[in-house]
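quick one: sequence plus predicted model below, questions after.
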Amino acid sequence: MPAVSKGDGMRGLAVFISDIRNCKSKEAEIKRINKELANIRSKFKGDKALDGYSKKKYVCKLLFIFLLGHDIDFGHMEAVNLLSSNKYTEKQIGYLFISVLVNSNSELIRLINNAIKNDLASRNPTFMCLALHCIANVGSREMGEAFAADIPRILVAGDSMDSVKQSAALCLLRLYKASPDLVPMGEWTARVVHLLNDQHMGVVTAAVSLITCLCKKNPDDFKTCISLAVSRLSRIVSSASTDLQDYTYYFVPAPWLSVKLLRLLQCYPPPEDAAVKGRLVECLETVLNKAQEPPKSKKVQHSNAKNAILFETISLIIHYDSEPNLLVRACNQLGQFLQHRETNLRYLALESMCTLASSEFSHEAVKTHIDTVINALKTERDVSVRQRAADLLYAMCDRSNAKQIVSEMLRYLETADYAIREEIVLKVAILAEKYAVDYSWYVDTILNLIRIAGDYVSEEVWYRVLQIVTNRDDVQGYAAKTVFEALQAPACHENMVKVGGYILGEFGNLIAGDPRSSPPVQFSLLHSKFHLCSVATRALLLSTYIKFINLFPETKATIQGVLRAGSQLRNADVELQQRAVEYLTLSSVASTDVLATVLEEMPPFPERESSILAKLKRKKGPGAGSALDDGRRDPSSNDINGGMEPTPSTVSTPSPSADLLGLRAAPPPAAPPASAGAGNLLVDVFDGPAAQPSLGPTPEEAFLSELEPPAPESPMALLADPAPAADPGPEDIGPPIPEADELLNKFVCKNNGVLFENQLLQIGVKSEFRQNLGRMYLFYGNKTSVQFQNFSPTVVHPGDLQTQLAVQTKRVAAQVDGGAQVQQVLNIECLRDFLTPPLLSVRFRYGGAPQALTLKLPVTINKFFQPTEMAAQDFFQRWKQLSLPQQEAQKIFKANHPMDAEVTKAKLLGFGSALLDNVDPNPENFVGAGIIQTKALQVGCLLRLEPNAQAQMYRLTLRTSKEPVSRHLCELLAQQF
């Protein structure tokens, strides 16, 4: 038997543990344990005069036996008695036993609470910490009710030791998570926040954990923590590793506290105080700069700590989404990790870039890494990293790279892991539909998808392609030809047969003129697949056959022979038998006219939201909405599909994507050649507002024609609900909130984001504009657990705005449940140029108290910009034509943000104008042109932005054909720099 260590003197415990370890079998171990249990039981019952040492030793043995997996049904009272001891080791063992073996329903809880109360009142820091640890470990509601009022007092008491404060903060956090209603923080809030200034870093770390949890429920109560957190973070980030020696981890000062502070700041919007915001931006820049420095140690712990702070910093930058320079820098930093040898870093970089891709400021920077991401999709060994690469490709996709990304994802799909194939299929289907420049490419892509991964193509995908082909005359012939060729493959997936059966049954006549795809050939090709298919597919093919009789009378005898066959008329499946009997009778009895009427071509499908995106969201989980709902504005694209679909909400609304796909009762007319180019259009506009060029319908006008109903007396009647009761006028609502102008300025160069947020309500905005029409989606989120009553958002037109801007709204539900979100659709028409935005008045009752707020709706005149390309000679010619003093507005101003050429370019494109290259002699200057589209007239606009990096100044000059527009656009754009 090996020598036994005496430890702290409990020799009997050491001998018992050694005996257990030396047991050769399970039976021997149980026998030894039973012998010891009998001995302990006799000691507890027989000898009433056990000293503290013996109790401690026997309680320890019971605890060890319990940890081995055996039940312990005695000894609890002896453990409680140990709590009364004045010796640390005895009290420690008593608390340990209670923390592990006593449940919240035990009859001993009252005795335990009395002992804990005595220790908390003892002012002995060691005993106080043991009591606080026990409360946190048990964490029962009874203990919460007993000590919830005492622990905050201990936490903020001036004479509490640092170790006690740490334990009190973490104990309070545990009780709050278990029973939030038991922690009364009202009078302690300010003093708890000021713990962020404590000298002891351990106290600050524990306090940050507590405040982060508390502020999620009561953000306004803890708002003062922002400045203190920024101040503390600034001191840590700017300190050297020698300044915080006790809290420096492998040359990284206080990494855990830094991460916790950054997470705390993510609970709030950007600081309103300019000084605090400037200091925070400095901290974030310092972290990004340190990431570029060579490592101070080669140990993995150093890089882990450094990267933890970096990734949390990037998360905060993404959360704020208000500093374009930082967003671009963060993207570039993540780009360096994409090829790092550490798999975890590559995974985290891909995951963070997915979020960055949804920001309008950093989307272009993310796109520069497309080749690296595609390579990761092909070569990564870890399936989770490949999945994140696919997510990032999906997020960074837009009109310019859609074909490349879709083709790469299709190529990857052939060898993709089975676990993620269905998700890849859904993403390819969504991207193909969303960014289809022409529908022949869309049809090719979906058929290729079915060919490569037919087993993973859900019904939603092939239903969708049938809807689109049915609603688009221009693609029906191509779809019929392509699917006919696809069906000729020897091994053909059943989903391909379904698509082929439907399309050929509807539009097979469009390719019947070619001898290679004559009616008999089409029928024999489909029928050769019949016996290999499931019952559902065979039922669809029988419907195709009866359609063929109507389309191709020469196939009637052949098809009737198939329907008359015994295998159909006496089929064991009732559905197939019924179809065969009915179709045979119909083709034999009905006249040609009746047959043509019954079997006429399917009408266009009604407008509906694509179910593919909803399916992908369900697959990704509830937190995937923001990543999937990417509605960036692409100023350079003439998109025919739109860029987003709204998040499903409690209000059923039309999908913008479905709108832009043309799924109306009739497809849009083909676009004849335009009678004038963009340059001539600009000449007419600048020559005078009355000159209206005559253009044929372009693809954009086809989109606009879908928004505009035919009835001239009701400009937007088909898109809006019947007019409700009279809305309140400007005099009936309160003034806009103080920060309304600042919130409005955030949306001048972007269309999507959070418009307003407080502790009760969050209002998000997604919008798209084309020529003089626009559509806006407002998302109202109830952040509380209490239902909003009488919820009523209303759009108000101040002054003469009613004659300048028409806004039609859809009603929302009057009740908004706690944690729910409702969506409101606004259809907007710009009638004339306007200077003031409409107001959004939101009224509701929360907990019986009326709530009201008024915001400025982010609809500014630049939203109706149409970018216009022109050569340098044309630009300066138009510039001279607009030389009257009242046509020009100029402003010289100091830069409020770091001067970055890429960020400036992104803002100008977001503003709506086209950027003209090689026009200005100074390559540092930016030149743009565009047209403000209104119903009454068009206003041409030229702009020139001259940055002076040395002086940190800008000069902005705008010339338009209307003086108020020049001044207003100049003011709007200047505020963005």
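Looks like it came in fine.

what's the mean pLDDT across stretch 799-817?
For stretch 799-817, the mean pLDDT works out to 86.

can you pull the buried residues of it?
Judged by neighbour count using 16 or more other Cβ atoms under 10 Å, the buried positions of stretch 799-817 are 801, 804, 805, 806, 807, 808, 809, 810, 812, 815, 816. Heads up, the C-betas are built off the backbone N, CA and C, glycines and all.

of these, closest to residue 174?
Distances from residue 174 to those, taken as Cβ to Cβ, are shortest for residue 816 (32.6 Å).

the stretch 251-400 of the chain: helices as residue ranges?
255-265, 274-292, 300-320, 324-337, 343-356, 363-367, 370-379, 383-396 (DSSP state H, counting those that start in this stretch).

just the stretch 801-950 of the chain next, same as before
872-881, 901-911.

can you list these in TSV and add mean pLDDT?
What follows is the helices of the stretch 801-950 of the chain, written out as TSV (pLDDT from 0 to 100):
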stretch	mean pLDDT
helix 872-881	84
helix 901-911	86
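
closest to residue 130 out of the ones you listed?
Nearest to residue 130, of the helices of the stretch 801-950 of the chain and by Cβ to Cβ, is helix 901-911 at 55.6 Å.

helices and strands around that closest one, which ones?
Contacts defined by 3 or more Cβ pairs under 8 Å, 6 or more residues apart in numbering; DSSP states H and E place helix 901-911 against helix 324-337, helix 363-367, strand 914-915, strand 926-933, strand 938-948, helix 963-974.

the fifth one: what's the following helix or strand?
If I follow you right, that is strand 938-948. With elements assigned by DSSP states H and E, the helix or strand that comes after strand 938-948 is strand 953-960.

quick one, that next one and helix 963-974 angle?
Angle between the axes of strand 953-960 and helix 963-974 is 150 degrees (criterion: axes from the mean of the first three to the mean of the last three Cα atoms, to 10 degrees).

when you give positions from now on, start the count at 354
I'll keep to 354 as the first residue from here, and by that count the last item is strand 1306-1313.

show me what strand 1306-1313 is packed against.
Here strand 1306-1313 touches strand 1241-1247, strand 1291-1301, helix 1316-1327, going by 3+ Cβ pairs under 8 Å, 6+ apart.

determine which of those approaches residue 707 most closely.
The nearest among the helices and strands packed on strand 1306-1313, by Cβ to Cβ, is helix 1316-1327 at 30.7 Å.

just to revisit the earlier point, redo the helices of the stretch 604-753 of the chain as JSON lines? Include mean pLDDT.
Formatted as JSON lines, the helices of the stretch 604-753 of the chain follow (pLDDT from 0 to 100):
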{"stretch": "helix 608-618", "mean pLDDT": "93"}
{"stretch": "helix 627-645", "mean pLDDT": "91"}
{"stretch": "helix 653-673", "mean pLDDT": "91"}
{"stretch": "helix 677-690", "mean pLDDT": "90"}
{"stretch": "helix 696-709", "mean pLDDT": "91"}
{"stretch": "helix 716-720", "mean pLDDT": "88"}
{"stretch": "helix 723-732", "mean pLDDT": "90"}
{"stretch": "helix 736-749", "mean pLDDT": "90"}
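
so can I have JSON lines of these showing distance to residue 1294 and mean neighbour count?
As requested, those are exported to JSON lines (distance: least, Cβ to Cβ, whole Å; neighbours: other Cβ atoms under 10 Å):
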{"stretch": "helix 608-618", "distance to residue 1294": "39", "mean neighbour count": "23"}
{"stretch": "helix 627-645", "distance to residue 1294": "31", "mean neighbour count": "17"}
{"stretch": "helix 653-673", "distance to residue 1294": "31", "mean neighbour count": "20"}
{"stretch": "helix 677-690", "distance to residue 1294": "23", "mean neighbour count": "22"}
{"stretch": "helix 696-709", "distance to residue 1294": "31", "mean neighbour count": "22"}
{"stretch": "helix 716-720", "distance to residue 1294": "23", "mean neighbour count": "21"}
{"stretch": "helix 723-732", "distance to residue 1294": "33", "mean neighbour count": "17"}
{"stretch": "helix 736-749", "distance to residue 1294": "31", "mean neighbour count": "23"}
